[in-house]
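Undergrad: Build me a structure from this.
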Amino acid sequence: MPGPVALVGAGEFLAPMATFDQGLLASTGRPRPRVVILPTASAPDGETTFRTWAEMGVEHFGALGAEVEPVLVRDASEGHDAAALQAVGEADLVYLSGGHPRHLVDVLMRSPLGEALVRAHDRGAVVAGCSAGAMAIVGRTMDFRRIPRARMPMPFPVRWASGLALVDDVAVIPHYDAWPEVLSALLVLQAPRGGVVLGIDEDTAVVGANGGWQVHGAGRVTVWRGRRRERFRRGEAFRI
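TA: Numbering: from 1, shown residues only. Coordinates of the predicted model:
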């Protein structure tokens with residue numbers, strides 16, 4: 001039976017998400033769950049940032065009573081490392097933190113790390129992704145185009161790249177309450193037809209298994225099905 005998938009809008013390893021993360025650990029059914037932290041999405045921001053996210057994850061889940069191991073995969077070549085693959089294979093919970101979704105997708109797709117994560121999920125491990133981590137593990141992820149000499153990627157038009165697809169036909173917009181919703185709506189209108197877009201607020205998460213999803217945390221989850229929008233708050237459930 002595949003394990004639950006947790007999609008977090010923002011706030012990984014911070015106090016507002018501690019109660020939620022304690023629930024993820026409890027859902028493994030183990031008294032001292034084995035947790036793997038994957039800070040891969042932050043690697044393009046430099047070694048200091050990359051290691052900071054790893055250390056934050058270890059400290060956070062260690063304080064919650066877990067046995068925690070950081071898996072320091074920066075790129076696709078390191079995604080072939082046997083020790084990294086073994087750690088993911090033995091984990092009860094794998095947590096992918098934020099950063100650059102396109103980089104994370106590339107590493108997962110171009111190395112055995114992605115296959116190891118899929119196998120872990122298939123055997124029942126919890127897989128959680130925050131921000132870029134959430135964007136990468138679903139079916140589609142936004143891939144903003146880069147314009148030569150432009151300082152930032154351009155949000156329009158959006159290309160939709162394939163993600164790891166632990167949840168198929170779904171895309172995630174994290175930090176949803178930090179954007180003007182009119183901009184988010186323009187992104188949604190460019191999404192592939194027939195899919196679902198989840199807008200997840202900061203300090204908010206949604207956990208799914210077998211097509212059923214429940215909201216946790218301080219904010220809301222906005223579910224877009226084409227042009228139709230629904231809102232769900234803590235404790236409320238929906239199906240995809």
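
Undergrad: For this structure, name the helix or strand with the lowest mean pLDDT.
TA: strand 154-162 (a mean of 73; mean pLDDT, DSSP states H and E).

Undergrad: which residues sit in contact with residue 13?
TA: Each residue near residue 13 by Cβ atoms under 8 Å, 6 or more residues apart in numbering is listed here: 53, 56-57, 59-61, 97. Every C-beta, even on glycine, is put in place using the N, C-alpha and C of the backbone.

Undergrad: And it, what's its pLDDT?
TA: pLDDT for residue 13: 98.

Undergrad: Quick check: it is in a helix.
TA: No - the assignment for residue 13 (DSSP: H, G, I helix; E, B strand; the rest coil) gives coil, which keeps it out of a helix.

Undergrad: And it, how close does it get to residue 28?
TA: Residue 13 sits 18 Å away from residue 28, going by Cβ to Cβ, to the nearest Å.

Undergrad: what's the answer for residue 20, then?
TA: Residue 20 sits 14 Å away from residue 28, taking Cβ to Cβ as the criterion.

Undergrad: Could you do residue 34 as well?
TA: Residue 34 sits 8 Å away from residue 28, going by Cβ to Cβ.

Undergrad: Which residues are in contact with each of those two?
TA: Common neighbours of residue 34 and residue 28 (Cβ under 8 Å, 6+ apart) are 92-93.

Undergrad: just so I have it, where are all the strands in this structure?
TA: All strands of the chain, identified by DSSP state E, fall at 5-8, 34-38, 67-70, 93-96, 126-130, 138-145, 154-162, 167-173, 196-200, 204-209, 212-217, 221-225, 228-232, 237-239.

Undergrad: quick one: which of these is nearest residue 116?
TA: Distance to residue 116, taken as Cβ to Cβ, is lowest for strand 93-96 among these, at 9.1 Å.

Undergrad: Just name whatever secondary elements that closest one is in contact with.
TA: With contacts defined as 3 or more Cβ pairs under 8 Å, 6 or more residues apart in numbering; DSSP states H and E, strand 93-96 has these neighbours: strand 34-38, helix 47-63, strand 126-130, helix 132-137.

Undergrad: Most tightly packed of these?
TA: helix 132-137 (a mean of 29; mean count of other Cβ atoms under 10 Å).

Undergrad: can I get the CA coordinates of it in PDB?
TA: As requested, the backbone C-alpha atoms of helix 132-137 are provided in PDB (Å, rounded to 0.1, in the frame of the first residue of the first chain):
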ATOM      1  CA  ALA A 132       9.800  23.300  -4.300                       C
ATOM      2  CA  GLY A 133       9.700  19.800  -2.800                       C
ATOM      3  CA  ALA A 134       5.900  19.800  -3.100                       C
ATOM      4  CA  MET A 135       6.100  21.000  -6.600                       C
ATOM      5  CA  ALA A 136       8.500  18.400  -7.700                       C
ATOM      6  CA  ILE A 137       6.800  15.200  -6.400                       C
END
